[in-house]
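Engineer: return atomic coordinates for the entry below.
(chains A, B, C and D)
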There are 2 protein chains.
Amino acid sequence: MARVRRSSGPLDLRTQAILRAVIEEYVTTAIPVSSQSLVERYRLGVSSATVRNILAELERSGLLTHPHTSAGRVPTDAGYRLYVEAIVDLAPLPAVEQLMIRHQFGQVEYASEHWFRLAATTLASITRAAGLATPAKPRAARVRRVDVVSINERLASLIVVLREGSIKQQLVALDEAIDQATLTRLAARLNATVVDLNAEQIERRLARFDRPNAEREDAIAHDLAARTAGTLRDYDAAAVEELFSDGLINVMSAPEFSDAAKLRRVWAALQNRAYLAELFGRVAGTGNEDVRVFIGHENAPVEMADVSLVLAPYGQPGRAMGVVGVLGPTRMSYPHAIGTVRFVSGLMNELVDHLYA
Amino acid sequence: MARVRRSSGPLDLRTQAILRAVIEEYVTTAIPVSSQSLVERYRLGVSSATVRNILAELERSGLLTHPHTSAGRVPTDAGYRLYVEAIVDLAPLPAVEQLMIRHQFGQVEYASEHWFRLAATTLASITRAAGLATPAKPRAARVRRVDVVSINERLASLIVVLREGSIKQQLVALDEAIDQATLTRLAARLNATVVDLNAEQIERRLARFDRPNAEREDAIAHDLAARTAGTLRDYDAAAVEELFSDGLINVMSAPEFSDAAKLRRVWAALQNRAYLAELFGRVAGTGNEDVRVFIGHENAPVEMADVSLVLAPYGQPGRAMGVVGVLGPTRMSYPHAIGTVRFVSGLMNELVDHLYA
DNA sequence: TGTTAGCACTCTCACCCCTTGAGTGCTAAT
DNA sequence: ATTAGCACTCAAGGGGTGAGAGTGCTAACA
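Structural biologist: Numbering: from 1, shown residues only, chains lettered A, B, ... in the order given. Next comes the predicted model:
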């Protein structure tokens, strides 16, 4: 095959195999990979000189780099990307690990608000990276029930139970003393109008509380209904309700973060909730239900340059969606992370289905 | 005064002044303090040689150390302890900062579940350390109201509103299909029996649900009441309901944590929820309402060796108590931290009083 | 034409040595 | 009791060196 000086075309099989070998070697050892070590540890059937030629070629294509002249090769973000997209073959998660995870979930079957935390914890322990998870959040929240509880004479707590079970609460200052009986009556009136509606629908019906000769109670009911709608709006507006993470210590202990500045960056990466929320929105929002991978510099914020995210949505599209995943060093085992995240998101799907059954 | 070779007695005024000077100098510069620099920057009225003699004396008493022979002096934990207990005079927080804090709190007056978060955030920004806070938690939780909401035919959500406003929720699997009307009836029955009671009192009254010819509904009511009591018990058992922290980055950026291993330790310190919970219990549990300081090695866990905690309880003793405070490097400005924590805990007291007014 | 042995070359890393400067502790004088 | 003076110690930084790792290139080979 004459002069295949590929600039962007597909890699031939041998070149692919060597790229894969470099990545898998580097992922396990964290040491730049030399041509020598590849020949020793993988059955490549060629000499180190040939491997060197191919490594140089891969470097020209931007898939590998060099820390310095006399060092081995290290994958670039583009290298990892190609590996994840085209080279790696994803086996399902080993049965042992599947069992471990199922066992852990078996313990908390009826504590829905703990599911997503457990998902993060489990992901962290299985992948040895940081586990991330958000609760399943409906596209447009609907009210299941409203409650008004007296705190003291001039202070009440407005409790809104959302359809999928989560609860929002706020304090309401009262201009005049109102007792629990009256509040309960108000709550009943609210429930009669507001149950099963979303923010917009409630706002359209606010006028119903304005009776011709409006009394004190009507005004308060109107106010409470408006606040209920506001609560739903706030909830809808937040791309991510809550982000739970566990096991960041796994990532911080990786050798590439033995430098204090890089360590602070990893921490900052996990603290960048704005970016993570945007990313999560992207993962949960599109129809695509599969695992998504975001590698190093592919993430805009600088503090993400050394970390990758493997994320998957879960839930019921159109009803309620959440996200689970891991954050690890760019030098992570992508096949294992992808397999684990895929399995856990499937498990979360089952749990959510059970809730809506 | 001939030959005052004190071994543990109180320090004379000049010695105290020099200890104070060393600490305050070290806190601001983070550089070991030399006799020379003390003479230059503080009006001590003696030569550096004399200061050296006193420094040597303070070192013999265990209040200062030496990183190495030709380095200046650094306070020990015992030095900080003495400083905090006997030497420093605590001025109230400057009016400017009081105003800043009050202003921030003005924004969220009616969102009680955000108060403690705001306290942590405020403490972090004012003290430039990590702010910590827990919500006010009653000694023995009492029920304000119970709600049972149908999730699907065979799944219900039991919602328990506690007297001070916080809400607990759990899923309950139902052996047979039960509709919302029935659940509402059950909830009413529960409320009639259970409102204003604590876990123990509910458990004593469980028998009331066992009528002679017990029907299906009686059994479920009994079960729900037992679960309600269980929820209260879990809540009571947790020393700290939730610990919110903010501004750890302040601490991580301090020069003493430029080493990756120490940096990881700081992170681990904040993650050691078990120890923090114990400490918080100690602060909120005893009658003492004042600020408490825990310096470096005084904390048992090794990862706490380089950090100190300044904590204060808030709330209404006997009703509901929480904790606010800061976690910073041992080399922190204790007077400022103590002043700020004291002020914020006072503010939280006002807010809680308002809630119970 | 692709592969390989061989070799020169480059660069890091660890080590050592040396110098500089900071700061102490001690001693003798006041 | 205080202080000036001085010898001493040690960390930190710079420069030099040798070893080792790994490459890139070239020329020979199948």
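
Engineer: going forward, measure contacts and count neighbours with C-alpha atoms only.
Structural biologist: Noted.

Engineer: relative to chain B, how far out is the residue of chain A found nearest DNA strand D?
Structural biologist: Residue nearest to DNA strand D within chain A: residue A:34 (3.4 Å; C-alpha to the nearest atom of the strand). Distance, residue A:34 to chain B, using C-alpha to the nearest C-alpha, to the nearest Å: 28 Å.

Engineer: what about that residue, neighbour count?
Structural biologist: Neighbour count for residue A:34, taken as other C-alpha atoms under 10 Å in any protein chain shown: 20.

Engineer: equivalent analysis for the one 5 residues further on, please.
Structural biologist: A count of nearby residues for residue A:39, using other C-alpha under 10 Å, gives 19.

Engineer: on the three-state scheme, it is what?
Structural biologist: Put simply, residue A:39 is helix when judged by DSSP: H, G, I helix; E, B strand; the rest coil.

Engineer: residue contacts, it?
Structural biologist: A:45-48, A:51 (C-alpha atoms under 8 Å, 6 or more residues apart in numbering or on different chains).

Engineer: how close does it get to chain B?
Structural biologist: Taking C-alpha to the nearest C-alpha, one finds residue A:39 at 35 Å from chain B.

Engineer: thinking again about what came up before, nearest spatial neighbour of the residue of chain A closest to DNA strand D, skipping sequence neighbours?
Structural biologist: Spatial nearest neighbour of residue A:34, excluding adjacent residues (C-alpha to C-alpha, 6 or more residues apart in numbering or on different chains): residue A:72 at 4.3 Å.

Engineer: who in the stretch 251-357 of chain A is up against DNA strand D?
Structural biologist: Residues of the stretch 251-357 of chain A found near DNA strand D (C-alpha under 7 Å from any atom of the strand): none.

Engineer: tell me where the stretch 251-357 of chain A has strands.
Structural biologist: A:292-295, A:307-316, A:320-329 (DSSP state E, counting those that start in this stretch).

Engineer: any idea which of those strands is most buried?
Structural biologist: strand A:320-329 (a mean of 27; mean count of other C-alpha atoms under 10 Å in any protein chain shown).

Engineer: re earlier: make CSV from the strands of the stretch 251-357 of chain A and add distance to DNA strand C and mean pLDDT to it.
Structural biologist: Listed next are the strands of the stretch 251-357 of chain A as CSV, based on distance: least, C-alpha to the nearest atom of the strand, whole Å; pLDDT from 0 to 100:
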stretch, distance to DNA strand C, mean pLDDT
strand A:292-295, 25, 98
strand A:307-316, 21, 96
strand A:320-329, 19, 95
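
Engineer: show the contacting residues for the residue of chain A closest to DNA strand D.
Structural biologist: Here residue A:34 is in contact with A:71-73 (C-alpha under 8 Å, 6+ apart).

Engineer: quick one, phi/psi of it?
Structural biologist: Main-chain dihedrals, residue A:34, degrees, to the nearest 10: phi -100, psi 160.

Engineer: about what we covered before: what about burial for the contacts of residue A:34, which qualify?
Structural biologist: Neighbour counting by 16 or more other C-alpha atoms under 10 Å in any protein chain shown classes A:72-73 among the contacts of residue A:34 as buried.

Engineer: among the contacts of residue A:39, which ones are in helices?
Structural biologist: Secondary structure from DSSP state H places A:48, A:51 of these in helices.

Engineer: in JSON lines, list the contacts of residue A:39 along with pLDDT and distance to residue A:162.
Structural biologist: Shown next, in JSON lines, are the contacts of residue A:39 (pLDDT from 0 to 100; distance: C-alpha to C-alpha, whole Å):
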{"residue": "A:45", "pLDDT": "91", "distance to residue A:162": "63"}
{"residue": "A:46", "pLDDT": "94", "distance to residue A:162": "64"}
{"residue": "A:47", "pLDDT": "95", "distance to residue A:162": "65"}
{"residue": "A:48", "pLDDT": "95", "distance to residue A:162": "64"}
{"residue": "A:51", "pLDDT": "97", "distance to residue A:162": "61"}
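
Engineer: point me to the residue of the stretch 201-350 of chain A nearest chain B.
Structural biologist: residue A:260 (4.4 Å; C-alpha to the nearest C-alpha).

Engineer: can you pull the contacts of that residue?
Structural biologist: By C-alpha under 8 Å, 6+ apart, the neighbours of residue A:260 are B:257-260, B:263.

Engineer: try it again at 7 Å.
Structural biologist: B:258-260 (C-alpha atoms under 7 Å, 6 or more residues apart in numbering or on different chains).

Engineer: again, but for residue A:15
Structural biologist: By C-alpha under 7 Å, 6+ apart, the neighbours of residue A:15 are residue A:54.

Engineer: ok, now residue A:345?
Structural biologist: Here residue A:345 is in contact with A:312-314, A:324 (C-alpha under 7 Å, 6+ apart).

Engineer: re earlier: mark which of the contacts of residue A:260 are part of helices, please.
Structural biologist: Using DSSP H, the contacts of residue A:260 in helices are residue B:260.

Engineer: out of the contacts of residue A:260, who's nearest chain A?
Structural biologist: Nearest to chain A among these, with distances taken as C-alpha to the nearest C-alpha, is residue B:260, at 4.4 Å.

Engineer: so which residues on the stretch 251-357 of chain A come close to chain B?
Structural biologist: A:258-260, A:263, A:356-357 (C-alpha under 7 Å from any C-alpha of the partner chain).
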